[in-house]
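Q: Give the three-dimensional model of this entry:
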Amino acid sequence: MIDISHIAPTDPIKIIIGASSQSYEGWIQTQENELNLLRLEDWEQSFKDRRIEAILSEHVWEHMTYEEGVQAAKICYKYLHTKGYIRCAVPDGYFANEDYQNLVKIGGPGPLDHPAASHKIVHNHKTITRMFEEAGFEVELLEYWDEDGHFYFQDWNPENGFIYRSSRYDHRNQNGNLGFTSLIVDAIRK
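A: Residues are numbered from 1 along each chain as shown. As a prediction, the model looks like this:
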């Protein structure tokens, strides 16, 4: 459970799911042991009748199966304001880079202590869109690769949810060469 008692009833609630060391002004850090995406009880205890303006999730949804992803999205939907959103970034299954795909593949690249060892899915823009739509969201694609190897970018405001592993901010992207990107979407509650 997370404590939001310090947030005034009129102030917006913005949370980071699986924050790890991510910390941004105005955003509440959460870890899986405090707020599990798949445990409705965690959300009920944390938010009760309060609604969330924004949820930021960078490289979390790939640790769930497709079905678990839909379930988690439905729980988030319940606790978001109308027009509230999830800014979600996951590894992109259509990024045509062999080293990248080896790093993000299901089960990860090797050792069990590697963060990718618990990857259960590698989304592409079609699967993640369908997943969030099944939960009731409208989906806006912000960054993604298509099956023909073309990269698409829609300008997005980092103040609405900063994604480090993106074409603009990841240190592995230099001199116009993309070395590491994410599939980034805004899933907006209707």
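Q: Tell me the bridge partners for residue 153.
A: Per DSSP bridges, the residues bridged to residue 153 are residue 143.
Q: hang on, it packs against residue 173?
A: No. Residue 153 is not in contact with residue 173 according to CB atoms under 8 Å; the separation is 11.5 Å. Quick note: C-beta positions are derived from backbone N, CA and C, even for glycine.
Q: residue boundaries of the strands in the protein?
A: Using DSSP state E, the strands assigned to the chain run over residues 14-16, 28-29, 52-58, 80-90, 137-145, 151-153, 183-189.
Q: export those strands to a markdown table and tack on distance to residue 65?
A: A markdown table is the format used below for these (distance: least, CB to CB, whole Å):
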| stretch | distance to residue 65 |
| --- | --- |
| strand 14-16 | 22 |
| strand 28-29 | 25 |
| strand 52-58 | 16 |
| strand 80-90 | 13 |
| strand 137-145 | 18 |
| strand 151-153 | 26 |
| strand 183-189 | 17 |
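Q: got CSV for those strands, with mean neighbour count too?
A: Shown next, in CSV, are the strands of the chain (neighbours: other CB atoms under 10 Å):
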stretch, mean neighbour count
strand 14-16, 22
strand 28-29, 20
strand 52-58, 22
strand 80-90, 21
strand 137-145, 20
strand 151-153, 14
strand 183-189, 23
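Q: list the contacts for residue 167?
A: Counting by CB atoms under 8 Å, 6 or more residues apart in numbering, residue 167 makes contact with 143, 151, 153, 173, 178, 181.
Q: circling back: CSV for the strands of the chain, including mean pLDDT and distance to residue 45?
A: Below are these laid out as CSV (pLDDT from 0 to 100; distance: least, CB to CB, whole Å):
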stretch, mean pLDDT, distance to residue 45
strand 14-16, 97, 14
strand 28-29, 94, 15
strand 52-58, 98, 14
strand 80-90, 98, 17
strand 137-145, 98, 24
strand 151-153, 98, 39
strand 183-189, 98, 21
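Q: so which of the ones you listed comes closest to residue 35?
A: Proximity to residue 35, assessed across the strands of the chain by CB to CB, is greatest for strand 14-16 (7.3 Å).
Q: helices or strands up against that closest one?
A: Packed against strand 14-16 by the contact rule (3 or more CB pairs under 8 Å, 6 or more residues apart in numbering; DSSP states H and E) you find strand 28-29, strand 52-58.
Q: By residue count, which helix of this protein is the longest?
A: The single longest helix within the chain, with elements called by DSSP state H, is helix 66-79.
Q: For it, what does the pLDDT average out to?
A: Mean per-residue pLDDT for helix 66-79: 98.
Q: in it, what's buried?
A: Using 16 or more other CB atoms under 10 Å as the test for burial, helix 66-79 gives 66, 68-73, 75-79.
Q: ok, back up a step: so which of the helices and strands packed on strand 14-16 gets nearest residue 94?
A: strand 52-58 (18.6 Å).
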